[in-house]
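J.: sequence below, structure please.
(chains A, B, C and D)
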There are 4 protein chains.
Amino acid sequence: MITAAEYVESLKRLKKRQIYLAGELVDDPVAHPIIRPSINAVALTYRLAEMEEHAPLMTATSALTGKRVNRFSHLHQDAHDLIMKVEMQRLLGQLTGSCFQRCVGWDALNALWSTTYEMDQAGGTAYHDRLKAYLAEWEERDWTVAGSMTDPKGNRRLSPSAQADPDLYLHLVERRPEGMVVRGAKAHQTGILNAHEIIVMPTMSLRAEDSNYAVSFALPADSAGLIYIYGRQSCDTRKLEPTRTDVGNINYGGQEALVIFNDVLVPWERVFMCGEWNFASTLVERFSGYHRQSYGGCKAGMGDVLIGAASALAVCHGLEKTSHIKDKLTEMIHLNETLFSCGIACSALGQTTKAGNYLIDQLLANVCKLNVTRFPYEIARLAQDIAGGLLVTLPSDQDFQSPLMGPLLEKYLAGEDAVKTGERQQLLRLVEAMTLGTVAACYLTESMHGAGSPQAQRIMIQRLANLSGKESLARRLAGIDPDGLVYT
Amino acid sequence: MITAAEYVESLKRLKKRQIYLAGELVDDPVAHPIIRPSINAVALTYRLAEMEEHAPLMTATSALTGKRVNRFSHLHQDAHDLIMKVEMQRLLGQLTGSCFQRCVGWDALNALWSTTYEMDQAGGTAYHDRLKAYLAEWEERDWTVAGSMTDPKGNRRLSPSAQADPDLYLHLVERRPEGMVVRGAKAHQTGILNAHEIIVMPTMSLRAEDSNYAVSFALPADSAGLIYIYGRQSCDTRKLEPTRTDVGNINYGGQEALVIFNDVLVPWERVFMCGEWNFASTLVERFSGYHRQSYGGCKAGMGDVLIGAASALAVCHGLEKTSHIKDKLTEMIHLNETLFSCGIACSALGQTTKAGNYLIDQLLANVCKLNVTRFPYEIARLAQDIAGGLLVTLPSDQDFQSPLMGPLLEKYLAGEDAVKTGERQQLLRLVEAMTLGTVAACYLTESMHGAGSPQAQRIMIQRLANLSGKESLARRLAGIDPDGLVYT
Amino acid sequence: MITAAEYVESLKRLKKRQIYLAGELVDDPVAHPIIRPSINAVALTYRLAEMEEHAPLMTATSALTGKRVNRFSHLHQDAHDLIMKVEMQRLLGQLTGSCFQRCVGWDALNALWSTTYEMDQAGGTAYHDRLKAYLAEWEERDWTVAGSMTDPKGNRRLSPSAQADPDLYLHLVERRPEGMVVRGAKAHQTGILNAHEIIVMPTMSLRAEDSNYAVSFALPADSAGLIYIYGRQSCDTRKLEPTRTDVGNINYGGQEALVIFNDVLVPWERVFMCGEWNFASTLVERFSGYHRQSYGGCKAGMGDVLIGAASALAVCHGLEKTSHIKDKLTEMIHLNETLFSCGIACSALGQTTKAGNYLIDQLLANVCKLNVTRFPYEIARLAQDIAGGLLVTLPSDQDFQSPLMGPLLEKYLAGEDAVKTGERQQLLRLVEAMTLGTVAACYLTESMHGAGSPQAQRIMIQRLANLSGKESLARRLAGIDPDGLVYT
Amino acid sequence: MITAAEYVESLKRLKKRQIYLAGELVDDPVAHPIIRPSINAVALTYRLAEMEEHAPLMTATSALTGKRVNRFSHLHQDAHDLIMKVEMQRLLGQLTGSCFQRCVGWDALNALWSTTYEMDQAGGTAYHDRLKAYLAEWEERDWTVAGSMTDPKGNRRLSPSAQADPDLYLHLVERRPEGMVVRGAKAHQTGILNAHEIIVMPTMSLRAEDSNYAVSFALPADSAGLIYIYGRQSCDTRKLEPTRTDVGNINYGGQEALVIFNDVLVPWERVFMCGEWNFASTLVERFSGYHRQSYGGCKAGMGDVLIGAASALAVCHGLEKTSHIKDKLTEMIHLNETLFSCGIACSALGQTTKAGNYLIDQLLANVCKLNVTRFPYEIARLAQDIAGGLLVTLPSDQDFQSPLMGPLLEKYLAGEDAVKTGERQQLLRLVEAMTLGTVAACYLTESMHGAGSPQAQRIMIQRLANLSGKESLARRLAGIDPDGLVYT
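T.: Numbers count the residues shown, from 1 in each chain, chains lettered A, B, ... in the order given. I've put the predicted structure just below:
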């Protein structure tokens, strides 16, 4: 395992990449103030693994080698591993107050592990061994691996091959002896600039005519032909301002980019699917299931931060014992723990795959994520209620720092005597960041759309719910079908 | 273990009890048509244990003797046991569509197990050994044991000893050589007429001046001095009508009674607490925690039935593929599985007590129950939406059976061709039963108040949530407290 | 106008009708204990009109004759009339705690008034004058007129003429010189046994092939060929018990019946539509609009009763100053007044029809009703929360009346000292009645399905919302379309 | 009345004010790119009044002079005026997609009109005539008048005079012959830099010891001693960027500032309250009532924009006919129209004050605002659902404008063929602006806290709801109190 410092250094050693942000080529992404907070968040996944108190959660024993590895490259072995995953994600959500970006690749790994095994069994291919070899290197080098699933999609009513532009979904362009060439793009690529490697997967179930779109592979993040365009988020440019307070979450943040694959060559030993369209749905569903579980951890952790900020603001206002404030905090906690419970439940009721790693309960993982598309929004609303209107009328930190305005703000924006005005300002900025600002995308919109939009979860829930079994229960109790169990 | 048939026989062998229903003394409770469905529900906990396919869930290996015992007398040994508990409760909820009444005593047992152990350690008493002896007999005879907690309470603002009438909370009246004499009443006694034994507990935290109210004990359900007054519920007298369809859930039901302890003598070997007021809160919280977990199982099982009934009615109307109907069913399933997830989560994250049995996670058990006070009501609302207005305008089964009206109803209340009018009638009656009728108390009001009303859960959630820890997380991210973890 | 006493007498003078209840022919419906409470509710619409304090709300000046008439036969002339309608309905909901059944016919009248006018203009028919003559008699005799819309419908996917049985929707069977003969049935007929007259309308939009189903007409409730089958509701037979307390709402109730039209002859002067299938949707939408407005009044009135009962129970428990109780009552009031506001708003923004009477705002009337399908359920849930578990475990009134059990119940079910145990019992029975018992159908299920199920409202809201206009607003602000209004 | 152009010119003619933004003194506020959008929004209130089609809504006949005046200075005369107010506010919300800032002063005027009248009657003062003279000038000069209510408040548990710093609430410092001197601050001052005049009011009910805090007055916005500190909001600095698209709402915005009254002299003829602490609650409640009504208009208008943007994005994705999308849009409309209905209802049921102007129904105005604290958040959540994840991952407009990145983005972010990629980008930015960006404060946080935080509404609802009247209704129906109305 490498240290956080080594991780940051390793990013600096990547080949020069084409990264665009605000219309400009980014020269040094590691030092860029808009990008850096997202690197800090990933670095924490390394740093905590170095710490004795967090090592049991942050590391695991490799199923390949028996060595201690960072948990983010671990093949889950049992329900306990899945529970540890959610607990670790909650911890990281608590400590970064943002997305820490290292889950997508990990969830891709576990989904590919069982899918490649089953593909090989069905088709005589050798994808699983390739993946095993890849994982050995990953564990050894303690990579951060991004997972790439979402294509831009164009017209949602049309399948990949039916789009006006065939490139709107990433696809195979050419088979060469040394590898396959792919073209297309992947949108909403979380933390991709902070990754050493990228695992690409198809974005949805496919039919035979879309077989060229059934590709999965890994490649180094600094491969030739990749173009990165940085996604902008609310209040991103506050990170460029002379003082840090107005950023709200002053050290950490998320990262999203659009990645264009401009005829990129992928060596065959890194290809894990090529044309097996009938396995696309299996891969997508397993990946989505793992990733929907993930949100039961990380978003609960971010929720803890927001609840804490609201609670601390209640103290600033002298209202921490007021019944309606306590009631709102209780409701926030209740919703947050309900999220978390769903993450735990889909872990506890999982099952072993044919390939030997462990799979979440699919129905409950989808239930988990569907709650995530709702509750953080309500928690955010309640946080804004407790925070008060100053949340959106507070002058800038430059005013607080000004010799003229500073003392006036200090005087007039004072709260409860024991609390400094500056603390109140900082807490308000954190609530702003999580509900309207720099990390609101992580806490809210990503909760909505990450790991699939809510309708995707509803469709899965419907499909997995065994309605006919429930109908039988009803028919028996209503007297339509016989109840063989009644004694009298 | 005994069979379902033996269970019913054993009830008939109880001494003559003072049971009042509708102002009359009940001569033969086992045969009484209003009472019998609740006996059928308890009997199912015996019957399923006889069946090979259900035995793994319905039975467990006794921690006392190593013998196979009905799970309803099992001391939970680990998280797996707690998960099995919830799964078993869901199964029973599915198969009875009602309360099956055997959980309260079981939850009391597990709560008393650790509490008596700690009381003995603190005070040098010998309650735990008494309980162990009692459990040995319980397991051996495969008793159904009722748990009695809720006192009538009178004026809620006043403590037990401050009430105008000292008997509004059950209390010690006299200590005699052969035992203690108690007086008072317990309300909302679930399934108490179907139990062989009763375990009594105090209803809330107590202070020193209330030490006479700190009593816990077990006694046979046919002890002298007990008076039972049957609680009436919606549509109870439909069970007296000549045909069964209008009952809705035609075989099963719940049971609630008020029990008056009219100077009842309890032998000392069955006393598990007598005056230790400072352990009342421990006992109450542990019992409540176990019982709040229980609801994540049984109510999810009842929810399965109601979802199934609504789904089957959609088929009757030819609407099972209509998008808004599918969407409502999906929402019902989502809410129901969220409930269940919370039950599983508080099981998976439990811990071993000093006495060796296993305790739920208290925070998550309270979160579980708080969701139970909300979601069944929304599931019921959606079921009424799908069922249609006929739910409350359907003529009586006597009209359906009438030679004059029957054919007209058959003709005019037909649905989708393939479905019989009678099936639609029966399904509507089941939905009525669960949302407005004979088992609505089990599915709705008991979900609200059983194992404590929602405010009780909110208070626990607030107390257990570690708000100051969350405030620290916020302070660190906002820059008020140092973040020792940032690399840069 | 007639008095309440005269109204009841007039019912006794109706010809012998075929009314079935519980499989039996009802000899004297006015005296039948299950039916009588619904007659009391209608009678109140007469009684209040006799009282000086209520006359301004309960009566109006006839647009036909200038005489003072009961408002339930009034053609709305302006927004003020529509607001008075809602206010009157709220008052009656408050005073009956149930459905008072006289709105449906009135809403049918106002919908037919403008529709017949437009039909005549379009097709040269003379329906409007027939209706005017009918109204003159109605006003004069102060009739209660039932409105009949909902057909049994069979398979919901198939149109009326495509059903396996052509009678599943009411239709024209034969045209005779003296009138038309119709066959079919109408379900969910509110208060129909308490009406002097019935107005029949088609149940939905029709196409040309369904023209025989496009019939609207009036006929006396005691016409030959009508068969009434009484719909049973939760706890209906408690009205047959020796004491009244357990009924909950002891004097009033609703009434629903299935009515079969067994080749009934309707004289031509009472026919208001016969074959004009293209006007069915206009009639249905206007009727539904008026009736969806109605629910903003009556259900708010019932809500007032339930809020009052919950508040009085909080007093019984000594909890009326407890913050969480106050908060729940406030939420109940908030939801109830939101309902009412929607009823008022669709009245205040209505418009005059070509025929001269006044029409509600259709969009807001549908919004009103859609809220009614949700909020009463939540108000009921909160009422059960405040009421406590005794709501479903309270012994029967026969136990309270028993010399043995009565004193024990008096003692053990006491609440706050100043409140009598009996009052607490009575209030609990009222909350039971409204949420699970005799009037729950009126307050809950009828709120869901009366005046159309929620999906019907959603479809109307979607259709009336002018989405393209809203898209234009967005396009202008986003800079896609020019904003001609900006100064700079 | 003046034109929009004259309005903007008039702002330029104000005396040099001390305005601070981002730590700097603002030299030319009218030209400042962060401030200008808020001026555009106010200017629209003038521009629309110039347009024939909007004049009936935008103007009114002065109750003082009979002349046509801008409605924003009108004394409401009847329910129709109040309804026109809400309709006008909805129109302006639709056309600005932001706060247009001219309501607060207007609501202050109408509240002061009746309060000063009653103060004069009670205390023999002459405030009402002063206000009348002030209004005459206001109407004549067609001023924009800001209303100043909210004090910074410090420790919320302590009253104004009990604060550690007496200046945390604005108060009388000195009475001089020429006027009174005041000190303090007002926070969350909407649009105050765009106003010609300011009306100040106390912020809450006061007691005798706080009489120095009972001050109300008007003064020119460029008076000596006023210091303005601009409040920053999400994404404010995007307005400084070279292109406009990323601002989202490209022309309009809100404005909030902290205003410090540094020993400001107010001439006596502009003083409307000075020491009458017992009238503070009347003034505050009436102002709040009017302002809570206002939100039923403006936020519904903003809701229309957001619904339109979501609908247009559904078209971009080819999903406008998909049932779950239609259902979400229907839900958004439903919630938005419910808001609006509450605004209309509290207008329609208002009453004439002793002073002759018209007052909203207080209970329903509070109900209106309480819904506003909830529904826009849910509408925003649903808009984010429909918009898709690109909402928070879209590259900056500078990337779209870049010759290198532009064509790639055009290619890969295409949607439905008929829609331009740029339109999709612009619509996404508008949804971002309203839910996370430049106008999110207007649509969300201001909906929460403007016109009082939700708890303030709950307290009023509780106080105005007549619980004892509702209890009487329940007691009568339950049989506790006699029901004098039953016929039988």
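J.: beta partners of the closest residue to chain D within the stretch 101-250 of chain A?
T.: Using Cβ to the nearest Cβ, the closest approach of the stretch 101-250 of chain A to chain D is made by A:Gly231 at 3.6 Å. Placement of C-beta: from N, CA and C, glycine included. Beta-bridge pairing for A:Gly231 (DSSP bridges): D:Pro395.
J.: for it, which residues are in contact?
T.: By Cβ atoms under 8 Å, 6 or more residues apart in numbering or on different chains, the residues touching A:Gly231 are A:His188, A:Glu256, A:Ala257, A:Leu258, D:Val392, D:Thr393, D:Leu394, D:Pro395.
J.: which helix or strand lies directly C-terminal to the host helix or strand of the third one?
T.: Pointing back at A:Ala257 there. Element membership for A:Ala257 (DSSP states H and E) is strand A:256-267. Next along the chain after strand A:256-267, taking DSSP H and E as the criterion, comes strand A:271-274.
J.: show me what counts as buried in the longest helix seen in chain A.
T.: In chain A, assigned by DSSP state H, the helix with the most residues is helix A:280-316. Within helix A:280-316, the residues scored as buried using 16 or more other Cβ atoms under 10 Å in any protein chain shown are A:280, A:282-316.
J.: can you show me the CA trace of stretch A:199-215 as PDB?
T.: What follows is stretch A:199-215, C-alpha atoms only, in PDB (Å, rounded to 0.1, in the frame of the first residue of the first chain):
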ATOM      1  CA  ILE A 199     -12.400   0.600 -16.200                       C
ATOM      2  CA  VAL A 200     -15.000   1.100 -18.900                       C
ATOM      3  CA  MET A 201     -18.300  -0.700 -19.000                       C
ATOM      4  CA  PRO A 202     -21.400  -0.500 -21.200                       C
ATOM      5  CA  THR A 203     -24.200   1.700 -19.900                       C
ATOM      6  CA  MET A 204     -27.300  -0.500 -20.200                       C
ATOM      7  CA  SER A 205     -28.800  -3.700 -21.500                       C
ATOM      8  CA  LEU A 206     -28.100  -4.300 -25.200                       C
ATOM      9  CA  ARG A 207     -29.500  -6.300 -28.000                       C
ATOM     10  CA  ALA A 208     -27.800  -8.200 -30.700                       C
ATOM     11  CA  GLU A 209     -27.700  -5.200 -33.100                       C
ATOM     12  CA  ASP A 210     -25.800  -3.300 -30.500                       C
ATOM     13  CA  SER A 211     -23.000  -5.800 -30.000                       C
ATOM     14  CA  ASN A 212     -20.300  -3.300 -30.900                       C
ATOM     15  CA  TYR A 213     -21.400  -1.400 -27.900                       C
ATOM     16  CA  ALA A 214     -20.800  -4.300 -25.600                       C
ATOM     17  CA  VAL A 215     -17.300  -3.500 -24.600                       C
END
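J.: count of neighbours near A:Asn466?
T.: 13 (other Cβ atoms under 10 Å in any protein chain shown).
J.: and it, how far is that from C:Val419?
T.: 50 Å (Cβ to Cβ, to the nearest Å).
J.: how about A:Pro454: what's its closest non-neighbour residue?
T.: Nearest residue to A:Pro454, sequence neighbours excluded (Cβ to Cβ, 6 or more residues apart in numbering or on different chains): A:Thr373, at 4.3 Å.
J.: A:Ile34 too?
T.: Sequence neighbours aside, A:Lys239 is the residue nearest to A:Ile34 in space, at 5.0 Å (criterion: Cβ to Cβ, 6+ apart).
J.: do A:Pro202 as well
T.: Closest to A:Pro202 by Cβ to Cβ, 6+ apart is A:Ala280, at 4.5 Å.
J.: which stretches of chain A have low pLDDT?
T.: A:487-488 (pLDDT under 70).
J.: around chain C, which positions in it sit nearby?
T.: Contact residues (Cβ under 8 Å from any Cβ of the partner chain) of chain A with chain C: A:Ser323, A:His324, A:Asp327.
J.: filter those to the buried ones?
T.: Using 16+ other Cβ under 10 Å as the burial test, the residues of chain A next to chain C include A:His324, A:Asp327 as buried.
J.: can I get the residues of chain A next to chain C in a markdown table including secondary structure?
T.: Below are the residues of chain A next to chain C laid out as a markdown table (DSSP: H, G, I helix; E, B strand; the rest coil):
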| residue | secondary structure |
| --- | --- |
| A:Ser323 | helix |
| A:His324 | helix |
| A:Asp327 | helix |
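J.: the residues of chain A next to chain C: which ones sit near chain D?
T.: Near chain D, by the rule Cβ under 8 Å from any Cβ, you find A:His324 out of the residues of chain A next to chain C.
J.: closest to D:Tyr412 out of the residues of chain A next to chain C?
T.: Of all the residues of chain A next to chain C, A:Asp327 has the smallest distance to D:Tyr412: 47.4 Å, by Cβ to Cβ.
J.: and the residue nearest to A:Pro202, how far from C:Thr203?
T.: Using Cβ to Cβ, we find A:Ala280 at a distance of 47 Å from C:Thr203.
J.: how long is stretch A:152-164 from one end to the other?
T.: Stretch A:152-164 has an end-to-end distance of 13 Å (Cα to Cα, to the nearest Å).
J.: ok, that stretch near chain D or not?
T.: Yes: counting by Cβ under 8 Å from any Cβ, chain D has neighbours in stretch A:152-164: A:Pro152, A:Lys153, A:Gly154, A:Asn155, A:Arg156, A:Arg157, A:Leu158, A:Ala164.
J.: dump stretch A:61-81 to CSV, restricted to CA.
T.: C-alpha atoms of stretch A:61-81 as CSV (Å, rounded to 0.1, in the frame of the first residue of the first chain):
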residue,chain,number,x,y,z
THR,A,61,-6.9,-9.2,3.4
SER,A,62,-6.6,-9.9,-0.3
ALA,A,63,-8.5,-12.9,-1.6
LEU,A,64,-5.8,-13.2,-4.2
THR,A,65,-2.6,-13.0,-2.2
GLY,A,66,-3.5,-13.0,1.4
LYS,A,67,-1.7,-9.7,1.8
ARG,A,68,-3.2,-6.6,3.5
VAL,A,69,-4.5,-4.3,0.8
ASN,A,70,-6.5,-1.1,0.7
ARG,A,71,-10.1,-2.1,0.9
PHE,A,72,-10.8,-0.1,-2.2
SER,A,73,-9.3,-3.0,-4.3
HIS,A,74,-10.9,-5.8,-2.2
LEU,A,75,-13.1,-8.6,-3.6
HIS,A,76,-15.9,-8.8,-1.0
GLN,A,77,-15.9,-12.3,0.5
ASP,A,78,-19.0,-12.2,2.7
ALA,A,79,-21.7,-10.1,4.3
HIS,A,80,-19.2,-8.7,6.8
ASP,A,81,-17.1,-7.3,4.0
